[in-house]
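Asker: Could you look at this predicted model? Sequence included:
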Amino acid sequence: MDSIDNEIDPTIAAMLADVNDSKPGASSGFGDDAFGFSDSDFGADDDGRVFDGNPEREPYKVDMRRERILEVKKFFDEEPSHYFDDKSYENGSYYRSALEGEGQQGARVNQLLKKYLTTQDPKERAQYRMQIVNAWWELLRVMSPKVIDKRLPMAKRFLIRFGVVLPSLFTPEQKAMFSKVPFKNEIGEPIYYLDEWLEEVAKNHIAPSATDEKHIRVSAGADGEHQKLLQLKAKNDGRIQAAEGFANAKQAERQGMELELKNRIETLCEHERVIGLDGGLKQAYTESQKGLFADIFERLRALQKIDKDISTYLKELEEAREIGISLEQKLSDQGIVDESIDSSLIDDEFGTIRQMAKMSCGKRGNPFPVFTREFFHCPPHGVAFREEVANILRWVEMNDRSVFRKKSKGMINRILPFVLCIPTYGDFGFCWQPFDRLNRSSSRGRLIIPMYPKNLKVSILMAVADYRWQYAKEKAVDWTDPEDGITGQYYQYIESKKIKGDLKSYFIADYVTWMTKEIEGTQVMEKELRGIFWRSIPFSKERREMLSKRSMVYLDLFRKDSVRIGTFTKDELKEYNKVNEPYDSLRFPGIGED
């Protein structure tokens with residue numbers, strides 16, 4: 001391998017800063033200033049350059065008691081980190097720390113990047129640019145398994161997470177912004193950067209995207225019986241997750257019902273003293289108190305049904321755990337080792353990750369994988385940093401209240417999909433899968449978001465629309481039947497207009513219009529299409545009321561809601577009332593609970 005030290009000119013940072021940058025006052029590099037450093041910032045050891053893993057929130061776990069995303073109050077740290085400064089590293093170079101020890105792949109990227117940034121020939125520059133794409137992904141392929149190493153230098157981690165290999169390619173403002181991005185997942189939502197995602201896959205916390213099946217190392221002599229045991233274990237793991245999720249959801253429902261019952265009984269037991277009579281006599285039940293009897297009996301019957309459901313799910317959970325213990329023992333007896341961390345899983349996931357990156361850019365997009373100010377044109381709140389993505393998803397859910405609600409086993413629960421932020425310059429967010437095929441009832445879907453798009457909100461809306469479409473289509477008995485949900489209604493509309501092309505692409509475009517134009521009262525959709533979205537993907541109650549005051553078009557739709565509500569079943573009415581509660585009053589574990 002060619003040495004990084006031999007390849008890099010000591011003045012390379014200054015040269016690189018001037019390439020393709022005509023802005024006056026552009027920085028020639030960073031790292032000459034002295035700084036202080038706190039080991040406690042990220043749980044680091046003496047050199048302050050290591051990662052201690054995810055916090056204890058375990059956001060990969062599904063908690064059906066969560067019904068909302070909390071307001072994001074901190075988007076950036078107050079004080080900048082110094083991980084992009086050369087003096088943070090013992091060898092005095094972020095760039096060298098990022099690439100050294102990566103064999104031929106590191107040397108190849110080093111050579112091509114130097115040529116790309118120093119050549120003056122446009123044709124050569126275009127050639128080097130395309131060569132860097134393949135070389136970069138080969139580099140990531142050999143680097144990715146190292147994310148499980150807590151002592152991985154931060155330069156390598158940020159190369160994977162943000163595509164940053166040379167801080168001199170930042171503008172001063174960009175460097176200051178990236179230096180204040182919170183490093184850990186402090187919001188507890190299942191939103192991941194690439195290095196975190198790969199680590200969770202290696203830990204078997206997240207199933208590989210390619211197969212949705214947990215991979216376990218198999219001995220060299222594995223046969224069909226081995227594979228059958230592995231499949232049974234993967235399915236049983238999904239059964240355990242589903243039983244735990246439904247049990248938690250039912251227990252939360254019981255807690256709410258018990259509180260309502262307690263309040264009604266307390267009201268029933270309140271009696272006024274009889275004025276003018278001695279002996280402390282109190283009034284009989286009032287008419288409003290008498291009306292509580294039927295209400296209380298109804299809640300008692302509901303509690304009885306909930307208790308029966310809880311018993312069922314706890315029994316299923318116990319049985320599944322016993323089966324899991326038995327399967328693990330059989331696998332162990334046959335020489336199959338289920339390790340807590342398996343870096344080989346990353347190899348399986350990596351090919352899928354590269355495909356995701358290509359899809360986020362599209363056929364005509366910019367596949368260049370290296371962060372550089374030449375291609376970065378995002379405003380501070382337009383980068384897919386975790387906190388910003390959570391904030392936009394919160395806004396989406398506040399206005400499209402049913403978007404993450406799933407019906408299974410007669411219950412409707414809210415489950416937020418996984419979100420993977422990939423460092424590309426693409427504009428296309430999309431849904432990789434609406435749920436795990438081994439656990440359709442209580443698993444998370446997967447949204448893929450490009451980190452540096454032209455419009456982050458639109459990219460996220462595209463991913464959400466794709467998720468909505470895929471989930472509805474998978475759940476429908478006949479997805480073309482208007483009685484079976486939004487896919488059938490939309491299909492019939494497109495057919496009636498004799499429009500040809502990709503149906504899902506049309507739906508995604510219309511959903512973006514719905515959530516960016518119609519939501520503000522700008523009438524872009526045709527009347528029939530607007531009616532479909534109003535009924536099947538309704539805005540929040542507050543938004544519908546606001547729109548009804550702006551135009552007769554929306555007022556007419558709003559008035560028809562009351563007629564439609566009159567046809568709802570009891571369960572449909574319950575769900576309608578649920579999604580029309582004030583967003584921030586919805587349940588969140590640990591907040592507003594006794």
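Answerer: Thanks, I have the structure now. Numbers count the residues shown, from 1 in each chain.
Asker: what's the single longest helix in the protein?
Answerer: As far as residue count goes, and with DSSP state H defining each element, the longest helix of the chain is helix 287-333.
Asker: Let me know the secondary structure of residue 413.
Answerer: The three-state assignment at residue 413 reads strand, by DSSP: H, G, I helix; E, B strand; the rest coil.
Asker: The closest residue to it other than its chain neighbours: neighbouring residues, count only.
Answerer: On the basis of C-beta to C-beta, 6 or more residues apart in numbering, the spatially nearest residue to residue 413 that is not a chain neighbour turns out to be residue 64, at 4.4 Å. Heads up, the C-betas are built off the backbone N, CA and C, glycines and all. By other C-beta atoms under 10 Å, the residues close to residue 64 number 22.
Asker: Next: residue 236.
Answerer: Should you count by other C-beta under 10 Å, residue 236 turns out to have 20 residues around it.
Asker: Quick check: which helices or strands does the helix or strand where it lies pack against?
Answerer: Remark: residue 236 resides in helix 224-268, with elements defined by DSSP states H and E. Contacting helix 224-268 under the criterion 3 or more C-beta pairs under 8 Å, 6 or more residues apart in numbering; DSSP states H and E are the following elements: helix 287-333, strand 411-414.
Asker: can you do 10 Å?
Answerer: If you count contacts as 3 or more C-beta pairs under 10 Å, 6 or more residues apart in numbering; DSSP states H and E, helix 224-268 packs onto helix 287-333, strand 405-408, strand 411-414.
Asker: Of the ones you listed, flag the one that's most buried.
Answerer: Using mean count of other C-beta atoms under 10 Å, the stretch among those with the greatest mean number of neighbours is strand 411-414 (a mean of 20).
Asker: Quick one: mean pLDDT over whatever helix or strand comes next after that one.
Answerer: Read in the C-terminal direction, the helix or strand following strand 411-414 is strand 418-422, with elements assigned using DSSP H and E. In this model, strand 418-422 carries a mean pLDDT of 98.
Asker: can you check stretch 251-260 too?
Answerer: 86.
Asker: Pull the residues that contact that stretch.
Answerer: 63-67, 295-296, 299-300, 302-303, 306-307, 309-310, 313-314, 411, 413, 587, 589, 593-594 (C-beta atoms under 10 Å, 6 or more residues apart in numbering).
Asker: Can you mark which positions in it are buried?
Answerer: Judged by neighbour count using 16 or more other C-beta atoms under 10 Å, the buried positions of stretch 251-260 are 251-254.
Asker: Can you get me a residue count around residue 363?
Answerer: Other residues close to residue 363 by other C-beta under 10 Å number 7.
Asker: So it: helix, strand or coil?
Answerer: Under three-state DSSP, residue 363 comes out as coil.
Asker: Where do the helices of the stretch 51-200 of the chain begin and end?
Answerer: For the stretch 51-200 of the chain, the helices identified by DSSP state H, counting those that start in this stretch occupy 94-99, 103-118, 122-143, 154-162, 172-179, 194-202, in order along the chain.
Asker: Low-confidence regions, the chain specifically.
Answerer: For the chain, the stretches flagged by pLDDT under 70 are 1-57, 210-224, 226-227, 230-231, 334-343, 592-594.
Asker: which ones are touching the residue most central in space within it?
Answerer: The chain has residue 419 as the residue nearest its centroid, 2.4 Å off, counting by C-alpha atoms, centre = their mean. Applying C-beta under 10 Å, 6+ apart, we find residue 419 in contact with 189-192, 197, 384, 386, 389-390, 393, 429, 444-449, 460, 463.
Asker: Can you tell me the number of residues neighbouring the residue nearest to it when sequence neighbours are not counted?
Answerer: Computed as C-beta to C-beta, 6+ apart, the closest residue to residue 419 that is not its neighbour in sequence is residue 191, at 4.3 Å. Residues near residue 191, counting by other C-beta under 10 Å, number 27.
Asker: do the same with the one 5 residues further on
Answerer: Around residue 196 sit 25 other residues, with neighbours defined as other C-beta under 10 Å.
Asker: how close does it get to residue 346?
Answerer: 12 Å (C-beta to C-beta, to the nearest Å).
Asker: Next: residue 470.
Answerer: For residue 470, the distance to residue 346 (C-beta to C-beta) stands at 26 Å.
Asker: if you count what's nearby, which of those two comes out ahead?
Answerer: Neighbour totals were compared for residue 470 and residue 346, and residue 346 leads with 22 against 19 (other C-beta under 10 Å).
Asker: these two touch, right, that one and residue 204?
Answerer: No - between residue 346 and residue 204 no contact is recorded; they are 11.6 Å apart, counting by C-beta atoms under 10 Å.
Asker: In CSV: the helices and strands packed on helix 224-268, plus distance to residue 91.
Answerer: What follows is these, written out as CSV (distance: least, C-beta to C-beta, whole Å):
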stretch, distance to residue 91
helix 287-333, 44
strand 405-408, 50
strand 411-414, 48
